[in-house]
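Asks: Sequence and predicted structure, then a few things I'm wondering about:
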Amino acid sequence: MAKREKPRPHLLVADKDGNIYDHPDLLMLCRRGGELTLPRPDEIMPLPPESEFFLLPGRHAVGFDDETGEIEVMEDLAVAAFASPAHTVTGVAAYAQDPDAPALPLLSYAAIGFAEDKFWVCAKQVDEDKRQIFSGIDPERIRAGAHNLLKRFPENRLMRHLASCALNYGCPAAKNLSLGRFECPLPTSKTCNARCVGCISLQPEDSGFPSPQNRIAFTPTVDEIVEVMLHHGTREKRPVFSFGQGCEGEPLTNWKLLAEATRTFRERGGTGTVNVNTNASLPDAMRPLAEAGVNSIRVSLNAVRKKPYEAYYRPNGYAFEDVLQCIREAKKNGLFVSLNYLFFPGLNDTEEELEALSALVDETRLDFIQLRNLNLDPQLALDLLGPYSPGPAMGLINFRKRLRKAHDWLKFGYFNPYLGE
C-alpha cells in the first residue's frame with residue numbers, strides 16, 4: 001500500500017479582533033534563517049496537544065500563491081505556534097515586520113497552517129518522554145500537591161519557592177515535584193556569570209521583553225536541598241534531580257554548595273540521577289562534583305562556535321574555550337554529558353555549524369543532544385546570530401540524520417535522561 005502523502009497546509013491569518021482563519025488560496029510558508037520557503041513534507045506534523053497559538057503584533061502574514069509562484073504579504077496579522085515540549089521547531093513563522101513592531105516574548109514561533117480539518121505545524125517530535133504532558137491530570141491534583149508540600153515542610157524555603165512556582169507560574173518542573181513524579185528541580189543560585197539575551201529570570205528594563213518569572217531570591221542551605229531530594233526520591237522510582245533551573249542564575253557559581261548537598265544526599269541513601277544544567281563556565285568544578293556523586297551535566301549551547309555563542313550568552317568572566325574545556329573535564333571524570341542545544345532553523349542546520357558540532361562530539365565523545373528551541377524573537381535571533389554560513393539550510397531532519405550517521409553512540413532527545421544506578 002502506497003504511503004499517503006502529507007498535505008500542503010494553507011496559510012493562517014488573524015484579523016484585528018484576533019479571529020484566526022485559513023486562507024483559501026495561499027499556502028503556508030516557513031522561515032529558515034533569511035530564507036522563506038514551503039516546508040518540506042517531513043518537516044510538518046499535526047499540531048501536538050498542549051501547544052499554543054500566538055498572534056504576532058506588528059507582523060503581517062506571508063503566504064505562497066501556488067498558481068503564480070509569487071509570495072504575497074497580507075494586511076492580516078501573522079499567526080505562529082508554540083509547539084509543546086518534546087518537539088523541536090523545523091521552520092519559523094513567515095511574516096513581514098513593521099518598523100515599529102514590538103519585541104516578541106521569549107518563546108519559539110513555529111510556522112503553522114491548516115489542511116484536511118486539522119492544524120499542521122513545522123515541528124518534529126524528538127522525545128517520547130511524557131514528563132511535561134499534563135492534559136490528563138486534574139489541575140486540582142497539582143494545586144493540592146503543592147499545598148501539601150507547603151504544609152509538610154513549612155520551614156523549608158526551597159520547598160516554598162518551588163510550590164509557588166507550581167501554583168503561580170505553572171512551571172512544569174515544579175508541577176512534577178508537586179505530583180511526585182519525574183524530574184525534581186533544585187534552583188540554588190541568585191547570581192550568574194552570563195548575561196544571556198534570552199534569560200527568562202532576569203532582563204534589563206530596556207530589553208523589550210520582560211522575564212516571565214522571578215529569579216530565586218535566597219541561597220538554600222544543604223539541609224533544605226537534601227530534604228527536597230529525599231522527599232522526591234520516596235515518591236519517584238526513577239528520580240532525576242536537576243540543579244540549574246529557569247528561575248535561577250548559573251548553578252556552578254555555587255558548585256561547592258551543590259557538591260556538599262549531593263554528597264550528603266548520597267550519604268543518606270539517596271539514589272537516582274543528579275544532574276547540573278549549566279553554562280559549563282567553570283571546568284575546575286567537574287572533578288569535585290563527580291566525586292560528590294553528581295552523575296551528569298547538561299551544557300547549554302546555542303552554537304558550537306565562538307562568535308555566535310558569545311553574542312547570545314555574553315559571558316562575564318569566562319570564555320567559550322572554558323565551555324569546551326568543561327565538557328572535556330566532565331567526560332574525563334566519568335560524567336554523562338548532554339548538550340542543551342538551542343536550535344533555530346537556518347542558523348544551526350548549516351554545514352559550518354554541523355562541522356563544528358561534529359568535531360566536538362568526535363573529540364569529547366559526549367553522550368546526548370537535547371534538541372531544544374531557541375526561545376527568542378526570530379528577527380532578533382537573525383540580527384544577533386546569523387547567518388552562520390551562506391547557502392540554504394539542510395533542515396533539522398537532515399541535520400540530525402547526518403549527526404547520527406557520523407556518531408553511532410550519540411543519542412537525541414529533549415529531556416534529561418534517567419541514567420539508572
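Replies: It's in. Predicted model only: the values in this text are computed from it and were never measured.

Asks: Now do the same contact list for Phe415.
Replies: With contact taken as Cβ atoms under 8 Å, 6 or more residues apart in numbering, Phe415 is in contact with 85-86, 127, 129, 131-132, 183, 370. The C-beta positions use only the backbone N, C-alpha and C, and glycine is treated the same way.

Asks: is it true that Leu347 touches Asp383?
Replies: No - the pair Leu347 / Asp383 is not scored as a contact, 11.3 Å apart, by Cβ atoms under 8 Å.

Asks: Which one of those two is surrounded by more residues?
Replies: Neighbours were counted for Leu347 and for Asp383 using other Cβ atoms under 10 Å; Leu347 has more, 27 against 10.

Asks: Skip the chain neighbours and tell me the closest residue to that one.
Replies: Gly386 (4.4 Å; Cβ to Cβ, 6 or more residues apart in numbering).

Asks: what's the neighbour count on the one you found?
Replies: Gly386: 19 neighbours (other Cβ under 10 Å).

Asks: what about Arg400, distance to Ser338?
Replies: Distance, Arg400 to Ser338, using Cβ to Cβ, to the nearest Å: 15 Å.

Asks: Just the element for Ser358, please.
Replies: Counting by DSSP states H and E, the element that carries Ser358 is helix 351-364.

Asks: Okay, buried residues for that helix please.
Replies: Neighbour-count burial for helix 351-364 flags 353-354, 356-358, 360-361, 364 (criterion: 16 or more other Cβ atoms under 10 Å).

Asks: Could you list every helix and strand that that helix packs against?
Replies: When contacts are defined as 3 or more Cβ pairs under 8 Å, 6 or more residues apart in numbering; DSSP states H and E, helix 351-364 packs onto helix 320-332, helix 396-406.

Asks: Mind putting the buried residues of helix 351-364 into a markdown table with distance to Gly334 and pLDDT?
Replies: Rendered in a markdown table, the data for the buried residues of helix 351-364 read as follows (distance: Cβ to Cβ, whole Å; pLDDT from 0 to 100):
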| residue | distance to Gly334 | pLDDT |
| --- | --- | --- |
| Glu353 | 28 | 94 |
| Leu354 | 28 | 96 |
| Ala356 | 25 | 96 |
| Leu357 | 23 | 98 |
| Ser358 | 23 | 98 |
| Leu360 | 19 | 98 |
| Val361 | 18 | 98 |
| Thr364 | 13 | 97 |
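
Asks: will you turn these into CSV that also has distance to Val323?
Replies: Below are the buried residues of helix 351-364 laid out as CSV (distance: Cβ to Cβ, whole Å):
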residue, distance to Val323
Glu353, 15
Leu354, 18
Ala356, 13
Leu357, 13
Ser358, 17
Leu360, 10
Val361, 14
Thr364, 11
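
Asks: Nearest to the spatial middle of this structure, which residue is it?
Replies: Arg372 (4.0 Å; Cα atoms, centre = their mean).

Asks: So it, which state does it fall into?
Replies: Recorded secondary structure, Arg372: strand (DSSP: H, G, I helix; E, B strand; the rest coil).

Asks: mind checking how far it is from Ser338?
Replies: Relative to Ser338, Arg372 is positioned 10 Å away (Cβ to Cβ).

Asks: And Glu72, which helix or strand is it part of?
Replies: strand 70-82.

Asks: To clarify, my last question referred to Gln379.
Replies: Per DSSP H and E: Gln379 is located in helix 378-385.

Asks: what do you get for Phe265?
Replies: Using DSSP H and E, Phe265 falls within helix 255-267.

Asks: May I have that helix as PDB, with CA atoms only?
Replies: Extracted C-alpha coordinates of helix 255-267, given in PDB (Å, rounded to 0.1, in the frame of the first residue of the first chain):
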ATOM      1  CA  TRP A 255      29.400  24.500  42.900                       C
ATOM      2  CA  LYS A 256      30.700  23.900  46.500                       C
ATOM      3  CA  LEU A 257      27.100  24.000  47.800                       C
ATOM      4  CA  LEU A 258      26.000  21.600  45.000                       C
ATOM      5  CA  ALA A 259      28.800  19.200  45.900                       C
ATOM      6  CA  GLU A 260      28.100  19.300  49.600                       C
ATOM      7  CA  ALA A 261      24.300  18.800  49.100                       C
ATOM      8  CA  THR A 262      24.900  15.900  46.700                       C
ATOM      9  CA  ARG A 263      27.400  14.200  49.000                       C
ATOM     10  CA  THR A 264      25.000  14.500  51.900                       C
ATOM     11  CA  PHE A 265      22.200  13.100  49.800                       C
ATOM     12  CA  ARG A 266      24.200  10.100  48.800                       C
ATOM     13  CA  GLU A 267      25.400   9.500  52.400                       C
END
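
Asks: which outside residues touch the next helix-or-strand element following that helix?
Replies: Once helix 255-267 ends, the next helix or strand along the chain (criterion: DSSP H and E) is strand 273-278. By Cβ under 8 Å, 6+ apart, the surrounding residues in contact with strand 273-278 are 239-245, 250-252, 258, 262, 265, 289, 293-300, 326, 340, 416-420.

Asks: Past strand 273-278, which element shows up next along the chain?
Replies: Next in sequence after strand 273-278, counting helices and strands by DSSP H and E, comes helix 286-292.

Asks: Show me what that next one is packed against.
Replies: helix 255-267, helix 320-332.

Asks: Tabulate the ones you listed in CSV, adding columns for mean neighbour count.
Replies: Shown next, in CSV, are the helices and strands packed on helix 286-292 (neighbours: other Cβ atoms under 10 Å):
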stretch, mean neighbour count
helix 255-267, 20
helix 320-332, 20
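
Asks: Comparing Arg400 and Ser338, which residue is more hemmed in?
Replies: With neighbours defined as other Cβ under 10 Å, Arg400 and Ser338 compare such that Ser338 has more, 24 against 20.

Asks: give me the element that one is part of.
Replies: Using DSSP H and E, Ser338 sits within strand 336-343.

Asks: That strand - what's its average pLDDT?
Replies: What strand 336-343 shows for mean pLDDT is 98.

Asks: returning to what we had before: hang on, isn't the residue nearest to Leu347 packed against Arg31?
Replies: No - between Gly386 and Arg31 there is no contact under Cβ under 8 Å: 11.3 Å.

Asks: Give me the common contacts of the two.
Replies: Each of Gly346 lies in contact with both Gly386 and Arg31 under the rule Cβ under 8 Å, 6+ apart.

Asks: contacting residues for Leu26?
Replies: By Cβ under 8 Å, 6+ apart, the contact set of Leu26 is 10-11, 63-65, 72, 74.

Asks: No further questions, thank you.
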